[in-house]
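# next input, structure requested:
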Amino acid sequence: MFEGPLTESIIKRAREKKILDIRIHDIRSFTTDKHKSVDDCPFGGGAGMVMKPEPIVRALKGLGLGKKGKKTSTVVYLSPQGEPLNQRILKGFSLKKRMVLLCGHYEGIDERVMSFVDKEISIGDYVLTGGELPAMVLIDAVARLLPGVVKEKSSVERDSFYGGILDYPHYTRPREFLGKAVPEVLLSGDHGAIEKWRKEQALRQTLKKRPDLLRKANLAKQDRKILEKIERHKE
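Prediction:
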């Protein structure tokens, strides 16, 4: 599952430049029985299977602990019950030297494994077949924050959510399409006016699409004035 997404585009280049080192480990390789069993029926009955604790803990100890038992990695478990992933968490992850991503499957993992987990993360309030896709999302999002991965640092800093609000609208050629023209300010060459327009539009977009973000955003005094002006004109 990981082969395609992790060998293309920005992730591929980051790996080639040795900025990012990604290694895939199959939980089955940490089993001891001849069938390489990683799941079993849940105690108490019920539908589905549960991932067994022994192979997972064996894997985590082998990958996340040093020779003397000292922890060398941050263990993240991808689960729908985890804390919702956001840019703040991603920034913290981008500072980690080494991480182990545990991908849940079936009905989840044996609860006793959780004592080895540092952070439980969800990418949304819905259920997927397993934690592989969320792990890929996390890898991609963290990679963008690593120095040298994205060519232009300013591109990352202007991404939606980086500063707590959404991005401003973007335009390219042609200057007119389907009767809609590119805003004149973007053609003016006045960088101050362009920057002001972009800030206002970013706040406008956030107010319209994700007003919940504004309650948590650390906005500058000038940004709050712009926001107040936008809200007044809505009335």
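
# show me the longest helix that occurs in the chain.
helix 191-209 (DSSP state H).

# could you name the helices and strands sitting against it?
helix 211-216, helix 221-234 (3 or more C-beta pairs under 8 Å, 6 or more residues apart in numbering; DSSP states H and E). The C-beta positions use only the backbone N, C-alpha and C, and glycine is treated the same way.

# let's have those helices in JSON lines, adding mean pLDDT and distance to I123.
Formatted as JSON lines, the helices and strands packed on helix 191-209 follow (pLDDT from 0 to 100; distance: least, C-beta to C-beta, whole Å):
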{"stretch": "helix 211-216", "mean pLDDT": "92", "distance to I123": "17"}
{"stretch": "helix 221-234", "mean pLDDT": "91", "distance to I123": "28"}
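
# looking at those helices, which is closest to I24?
helix 211-216 (34.1 Å; C-beta to C-beta).

# tell me the pLDDT at the residue nearest to I11 when sequence neighbours are not counted?
Closest residue to I11 apart from its sequence neighbours, by C-beta to C-beta, 6 or more residues apart in numbering: A143 at 5.7 Å. Per-residue confidence (pLDDT) for A143: 97.

# run a quick neighbour tally on A143.
Number of residues near A143 (other C-beta atoms under 10 Å) recorded here: 21.

# doesn't D21 make contact with it?
No: the criterion here is C-beta atoms under 8 Å, and A143 misses it with D21 at 11.1 Å.

# all strands of the chain, in order?
For the chain, the strands defined by DSSP state E occupy 39-40, 50-51, 74-84, 99-103, 119-122, 176-177, 180-181.

# what's the fifth one packed up against?
By that I understand strand 119-122. Under the contact criterion of 3+ C-beta pairs under 8 Å, 6+ apart, strand 119-122 touches strand 74-84, helix 132-143.

# quick one: which of those is nearest D212?
strand 74-84 (11.9 Å).

# now what about the closest one, what contacts it?
The contact list for strand 74-84 (C-beta atoms under 8 Å, 6 or more residues apart in numbering) reads 60, 64, 89, 93, 96, 98-104, 108-109, 113-114, 116-128, 131, 134-135, 138.

# mind checking which of these are buried?
60, 64, 89, 93, 99-104, 108-109, 113, 116-117, 119-123, 128, 131, 134-135, 138 (16 or more other C-beta atoms under 10 Å).

# and R158, what pLDDT?
On the pLDDT scale, R158 is placed at 68.

# about what we covered before: distance to V185 for the helices and strands packed on strand 119-122 - can I get that in JSON lines?
Shown next, in JSON lines, are those (distance: least, C-beta to C-beta, whole Å):
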{"stretch": "strand 74-84", "distance to V185": "36"}
{"stretch": "helix 132-143", "distance to V185": "31"}
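
# L187: which of those is closest?
Each of those has some distance to L187 by C-beta to C-beta; the shortest is helix 132-143, at 33.1 Å.

# helices or strands up against that closest one?
Counting by 3+ C-beta pairs under 8 Å, 6+ apart, helix 132-143 packs on helix 9-16, strand 74-84, helix 87-94, strand 99-103, strand 119-122.

# kindly format the C-alpha coordinates of the shortest one as PDB.
Extracted C-alpha coordinates of strand 119-122, given in PDB (Å, rounded to 0.1, in the frame of the first residue of the first chain):
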ATOM      1  CA  LYS A 119       0.300   9.600  20.900                       C
ATOM      2  CA  GLU A 120      -2.900   8.300  19.400                       C
ATOM      3  CA  ILE A 121      -3.900  10.200  16.300                       C
ATOM      4  CA  SER A 122      -7.000  10.300  14.100                       C
END
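
# ok, the nearest residue to D125 once chain neighbours are set aside to L20 distance?
Setting aside the residues directly before and after it, D125 is nearest to P80 in space (C-beta to C-beta, 6+ apart), at 7.3 Å. Per C-beta to C-beta, to the nearest Å, P80 is found 26 Å from L20.
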